[in-house]
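Undergrad: Sequence and predicted structure, then a few things I'm wondering about:
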Amino acid sequence: MPEHAGSPFMNRVPFFATTFVVVFMSLLPFAWFLNTSLKTPIEVTAIPPVLVPSGTLHSYRSAITEYNLLHFVRNSLIVAGLTTFFTILISVFAGYALARLRLRYRGPIMGSLLLVSMFPQISIAGPVWRILHALGWLNSYQGLVLPYVTLTLPLGVWILAVFFRELPDELEDAARIDGCSHVQTLFRIMIPLAAPGVFTAAILVFIYAWNEFFFALLIMTQQKFQTLPVGIALFQGQYTLPWGEIAAASTVATVPLVLLVFLFQKRIVRGLSAGAVK
Amino acid sequence: MKNLLRSVREYHMNEQGVRHGLIQGVFMCFFILLLLAPAGCTKKAEEGGTTLHFVTWKPNIPEAWEEIYSIFRAEHPDIELVKEVGPHSSTAFHDLLTQKLKNRSEDVDVFLMDVIWPPEFAAAGWAAPLDDMFAPSERKEFLDGAILANSYNGRIYGVPLFIDSGILYYRTDLLEKYGFSPPRTWREMVEQAVKITSGEAGKGVEIYGFSGQFKQYEGLVCDMMEYILSNGGNIINPETGRSGIAGKHAVEAVRFVRDNIIGKIAPPGVLTYQEPESLDIFIQGKAVFHRNWPYAWEVSNNPKRSTVAGKVGIARLPHFPGGRSYSTLGGWQAGISSYSKNKEAAWTFVKFLTSERIQKLLALKAGRAPTRKKLYGDAEILRAYPHFSGMKDVFLTAYPRPRTPLYPAVSNVLQRYFSKAISDPSSDIEKEAVAASREIDRLLALTK
Amino acid sequence: MLSQNSAARHAEMKLSSLSRERIFALALIAPCFLFVVVFAFYPILYSFYLSLHRIILGIPSLGQPFTGLENYRDLLHDRIALHSLANTLLFVFISTFLEILFGLIIALVINRHFRGRGMVRAAILVPWAIPTVVSSQMWRFIFNDQYGLLNYILYGSDTSRYSAWLADPVYAFSAIVAADVWKTSSFAALLILAGLQVIPDELYEAARMDGAGAWQRFRRITLPLVKPAILVALLFRTMDAFRVFDLVFVMTQGGPADSTNVLQFYGYKKMFTEGLMGYGSTISVVVFLMALAVTLLYIRVMGKGMLKAENA
């Protein structure tokens, strides 16, 4: 493919140098933690640091047996999975309505969704906690999924709205002529076509829910229900600071996401920039 | 038009192809599985007997605790003991426990309390008063400071399980080499540290003088209190009930720490250290003196973890001229939830946990200092931990932190003040102390 | 959305079809609306209600008296709150500036087509995908004063020169900024990239034929046309920086000397650690109003174009 004429970095050397530096800096901290997770306990806190690890899986074993790592992973999977499912479900409907139907107050609705995604979490943390407390849903999966769905709806709706808008205008007309009702149009034509958008939105919502910390910290106080970020933040105790296990847990928390990113980077880029261009 | 629709559909299908369909299928199955997962996690129905929920933290020596649980189960087959293990750190454990209690949750009957929590738990109505079950004659068996820490407004809310108090650790080999005996005053300690570190540096050995906990967290209050109290100052004036940190002696002590310890005999990094990091320095042989809780004795003498095993001595913390040595009271107590439906069974367990026998077990197997006075004369314990006999006085006189239901808020103010004062060499300590004092007084006024 | 032909064709049925469509649309948007109202708008209002009371969770015997605007008056005199506000604003300015700068550079780099571009893009996205808690622990480990990688890189095995980065108020703050910039520059890059990709090649060709150099092309063509994308990136990054919490919680807990105490962290401590729910809610409301003000300001600056969808 021809080189993009617009790039000011015409020379090869500065360009590749910059690329190399950027890639290196992006991956270095993660690589260092991965490296650390393969060290023995003494190597982990060696002064000065050891560059080449022994390649032992001690930290992983310890994280699993002593620190309940798999437990946290399971909780994260459940919470992130449920969140993605419900958010996408609601977003498909809402995105379609906003993008393709004549809806009053479309502007204010989009605006308020944007606003919700901008809220500092502290603004709603206290009352959300009290609501969940009253419902008895603190330390339950639904207690965390509900705020998560609320927080990821703007993202999901936005991506799907953009996606729906890209579909040809004549689709509704064609469906109408064929005698489809609104509902039939939606289910038989629009939703199947929405598949790529759904997929992109699902990835982004999943990543958000997997990484969220603030609400997870507040709502899940029993280790039984805590998600991975909370677990990793609280691994440290009064008498121990298990860097090896923290590194192992972090690697486990990150590897699925890194895989997602490498497999679907095109979609992710498209999804994230969808908001920008429109 | 149908053609248009079909072609659009085909366009999308072809673009992704089979792979796309497959991945989508996988995702759908995945989500469906996840939806089914919680269905399998139903709570097991309880059948007969009493179920007792014990909320505790992850122990350093799990084997000792497993033994304790099995002894209890064997002796009390009618009580099903269910333990819930919370996070390690005291702050995180506090948040977990208080969420449950605010919830009036039924899954907590007995819980462990850090020494600073009883007033808070008592005022909030979370901890049940134990006056009826914990007779005054029984209370006399325990260390006074510990009992005091569990009392609030004339009633008692917890039974002390084990005690912690600040101790000075030092390198016996280095002190001997330079002809020193353990320092009595802080200035003496600084002078010894300077002589030893420069002497060692001359021989090409890098070593710091002191390591302690000075990060902006609860431990900072513990460490700083020891300096302030040993100079005749106080955090809360016991007579007026108001803040005492703006007092002359308190400010002097803080200034001493800033000017002689942080970045001087102690590495500047101590401002980021909690217990683990500061102990790390000592057991790697990089510090002459070290301030920590009793648990560090076992760790620093363990050849598998410490490079200075066998070369460690302990002593009372130094003091300032005119003052006396003070160590901050730490440790954990057993409390009973006000909302527990099984208070008798709970008391049985609490009584069991804090009995002479189990405290001795904890002492021997986990190195925990007991709270029963009698155990400090116990031959077996003294043989395993000869320093306990010397430490008895320290433990007997360990001093609690301010006992107020708003301690977390007060502690936050203190943490900020101390951190600001000691981390900036040019800080205006008096001004900061006065401002912090005002905030503390405001908080204390709220509780009246 | 309906073309002119279709509108004319359906002129007779317009009314009923329009209202049917409207009802259908409302039904579709209802679940979304419900969530947002219950878990976002209602809590905001409730926060405001709570902020007008004195609520101390540790002392329920004192009740929850109505105190009007007393909490707000206290907040104005609370030097810690003001200090945390200053910290937050400083953090927002510095980190956002750096993120946009680096984002722009990265976007320019990956805008070119070259073999392995996909891999490079994926590598750059890794920091964004990592949970903030994990990246906080990573950086905390790197900045460690005894066995941290940074010290090793700078000073090798000469351990006597190792610095305690997180012990110094200024360095600790910079460390938080560095960790945040590392994590989110790629996100900014993506948003800017989207803007870059719509610039037509013909413009550059024409400029080159006119003899414009690379820097001039950048300044005259790229920069003005990518401005909307930069503004969007700026908006998202500003709001995210305003909410910084995970980094502070894991790396410094607000210290040393409160130098990294930020608004959301301070609010969290007041509300959930100290149990001062009334006062904590006051902080929540103020933070919300600030976020609202900034968002509205941005939206006005960027023009209404972003929000208004095409008219039906």
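TA: Okay, I see it. Residues are numbered from 1 along each chain as shown, chains lettered A, B, ... in the order given.
Undergrad: What backbone torsions are found at whichever residue of the stretch 201-312 of chain C sits closest to chain A?
TA: Using Cβ to the nearest Cβ, the closest approach of the stretch 201-312 of chain C to chain A is made by residue C:288 at 3.7 Å. Every C-beta, even on glycine, is put in place using the N, C-alpha and C of the backbone. Note on residue C:288: backbone dihedrals following degrees, to the nearest 10 are phi -60, psi -50.
Undergrad: need the contact list for the closest residue to it other than its chain neighbours.
TA: The shortest distance from residue C:288 to any non-neighbouring residue, by Cβ to Cβ, 6 or more residues apart in numbering or on different chains, is to residue A:123 (3.7 Å). Taking Cβ atoms under 8 Å, 6 or more residues apart in numbering or on different chains, we find residue A:123 in contact with C:43, C:44, C:47, C:284, C:285, C:287, C:288, C:291.
Undergrad: Now name the helix or strand holding residue A:123.
TA: Assigning secondary structure by DSSP states H and E places residue A:123 in helix A:122-135.
Undergrad: How about the residues of the stretch 51-200 of chain C by chain B?
TA: C:56-62, C:79-80, C:145-146, C:159-160, C:163-164, C:166-169 (Cβ under 8 Å from any Cβ of the partner chain).
Undergrad: Could you pull out the buried residues of the helix or strand where residue C:285 lies?
TA: Here residue C:285, judged by DSSP H and E, is contained in helix C:277-302. Of all the residues in helix C:277-302, those buried under the rule 16 or more other Cβ atoms under 10 Å in any protein chain shown are C:277-288, C:290-291, C:294-295, C:298-299, C:302.
Undergrad: mind listing what residue A:266 touches?
TA: residue C:118.
Undergrad: which residue is nearest the centroid of chain A?
TA: In chain A, the residue lying closest to the centroid (Cα atoms, centre = their mean) is residue A:207, at 1.5 Å.
Undergrad: what does the model give it for pLDDT?
TA: Per-residue pLDDT puts residue A:207 at 90.
Undergrad: Isn't it up against residue C:131?
TA: No. Contact criterion Cβ atoms under 8 Å: residue A:207 and residue C:131 do not qualify, at 9.0 Å.
Undergrad: Spit out the residues that contact the two alike.
TA: With Cβ under 8 Å, 6+ apart, residue A:207 and residue C:131 have common neighbours residue A:257.
Undergrad: okay, now residue C:157: neighbour count?
TA: For residue C:157, the neighbour count with other Cβ atoms under 10 Å in any protein chain shown is 9.
Undergrad: meant to ask about residue C:126
TA: For residue C:126, using other Cβ under 10 Å, the count is 23.
Undergrad: For it, give its distance to residue C:178.
TA: Relative to residue C:178, residue C:126 is positioned 17 Å away (Cβ to Cβ, to the nearest Å).
Undergrad: Quickly list the domain ranges of chain C.
TA: As assigned by automatic domain parsing, chain C contains the domains C:1-40, C:52-311.
Undergrad: For residue B:424, grab the count of nearby residues.
TA: 18.
Undergrad: State the pLDDT value of the nearest residue to it once chain neighbours are set aside.
TA: Sequence neighbours aside, residue C:257 is the residue nearest to residue B:424 in space, at 6.3 Å (criterion: Cβ to Cβ, 6+ apart). As predicted, residue C:257 sits at a pLDDT of 88.
Undergrad: where does residue 107 land on pLDDT?
TA: Defaulting to chain A. Per the predicted model, pLDDT is 80 at residue A:107.
Undergrad: Please refer instead to chain B.
TA: 82.
Undergrad: Would it be right to say that it lies in a strand?
TA: No. Assessed with DSSP: H, G, I helix; E, B strand; the rest coil, residue B:107 is coil; it does not lie in a strand.
Undergrad: any idea how far it lies from residue B:53?
TA: 5 Å.
Undergrad: out of those two, which sits in the more crowded spot?
TA: Using other Cβ under 10 Å as the criterion, residue B:107 and residue B:53 rank with residue B:53 on top: 21 against 16.
Undergrad: Residue of the stretch 1-150 of chain C nearest chain B, please.
TA: Closest point on the stretch 1-150 of chain C to chain B, by Cβ to the nearest Cβ, is residue C:145, at 3.6 Å.
Undergrad: Which residues of the stretch 51-200 of chain B lie near chain C?
TA: So far as Cβ under 8 Å from any Cβ goes, the stretch 51-200 of chain B lies against chain C at B:91, B:95, B:98, B:102, B:120, B:123, B:124, B:125.
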